[in-house]
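# give me the fold of what follows.
(one chain, ligands or ions: 1)
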Amino acid sequence: MTDQPLVGIIMGSDSDLPTMQGAIAICEEFSVTCEVAIVSAHRTPERMVNYAQTAAQRGLKVIIAGAGGAAHLPGMVASLTPLPVIGVPVPSRHLQGVDSLYSIVQMPAGIPVATVAIGNATNAGLLAVQILATYQPQLQEKVVQYRQNLSESVINKQTKLDN
Ligand code: RP5
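Below you'll find the model as predicted:
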């Protein structure tokens, strides 16, 4: 593990943190250094622009951006950086995150955001790890092992059901 963060995990509000913990936990599990920041597209727009425009030169390789409601953060950040951006629709109070999903997933051609399911920051973390693993063979071995463990856990559940 290096000290240089390779994954930037950002969110629109501290209220998004419980959801975004899934991505943080995956980075920890794979010993991938990440940085975590609250960056709001609406409340701190200059901070968002600065974060996105300096991300690549600071050494980040991928950004995970979570937001809820009018969730413009992932798309705006994607428009300001050449790095891949993974969007996490955070469950919202009134529309359960459908608003967040639609806000994040409907990007115009040319500026993609890799959008995961509502609340599924775990998959965002895994996608980020898999992106890094394309040039880190040891990390790729860990991804393969993770998948094997996942399969085995299902088989074990079946064995318990059968007995
Ligand atoms: C969005 O507004 C945030 O991403 C959060 O999901 C939502 C609500 O924010 P708070 O009012 O809880 O700070 O910008």
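# tell me what the helix or strand harbouring residue 48 is packed against?
If you go by DSSP states H and E, residue 48 is part of helix 45-55. The contact analysis (3 or more CB pairs under 8 Å, 6 or more residues apart in numbering; DSSP states H and E) places helix 45-55 against strand 7-11, helix 73-80. No exception for glycine: its C-beta is placed from N, CA and C like everyone else's.
# for this protein, which residues are neighbours of the ligand?
Residues of the chain lying near the ligand by CB under 6 Å from any ligand atom: 11, 12, 13, 15, 16, 40, 42, 67, 68, 69, 90.
# check contacts around the third one.
This points to residue 13. 38, 40, 67, 68 (CB atoms under 8 Å, 6 or more residues apart in numbering).
# swap in the first one?
Contact criterion CB under 8 Å, 6+ apart gives 17, 19, 20, 37, 38, 39, 65, 66, 67, 73, 90 as the residues in contact with residue 11.
# correct me, but the fifth one touches residue 15?
Spelled out, it's residue 38. No. At 9.7 Å, residue 38 and residue 15 do not qualify as touching, with contact defined as CB atoms under 8 Å.
# more neighbours, the two?
residue 38 (16 against 13; other CB atoms under 10 Å).
# quick one, longest helix in the protein?
Counting by DSSP state H, the longest helix found in the chain is helix 137-162.
# mean confidence for that helix?
Helix 137-162 carries an average pLDDT of 96.
# just checking, what packs against that helix?
helix 121-133.
# quick one, the helix it packs on and helix 137-162 angle?
Using axes from the mean of the first three to the mean of the last three CA atoms, to 10 degrees, the inter-axis angle of helix 121-133 relative to helix 137-162 is 140 degrees.
# please work out the average pLDDT along helix 121-133.
The model assigns helix 121-133 a mean pLDDT of 98.
# and the contacts of that helix?
With CB under 8 Å, 6+ apart as the test, helix 121-133 has contacts from 6-7, 19-27, 30, 32, 61-62, 64, 66, 84, 86-88, 114, 116-117, 139-140, 142-143, 146.
# only the buried subset of the contacts of residue 11, as a ChimeraX command please.
Filtering these down to the buried ones (16 or more other CB atoms under 10 Å) takes a single ChimeraX command:
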select :19,20,38,39,65,66,67,73,90
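# take the contacts of residue 11 and keep only those in helices.
17, 19, 20, 73.
# quick check, nearest of those to the ligand?
residue 73 (6.6 Å; CB to the nearest ligand atom).
# ok, that closest one - contacts?
10, 11, 12, 39, 40, 41, 48, 65, 66, 67.
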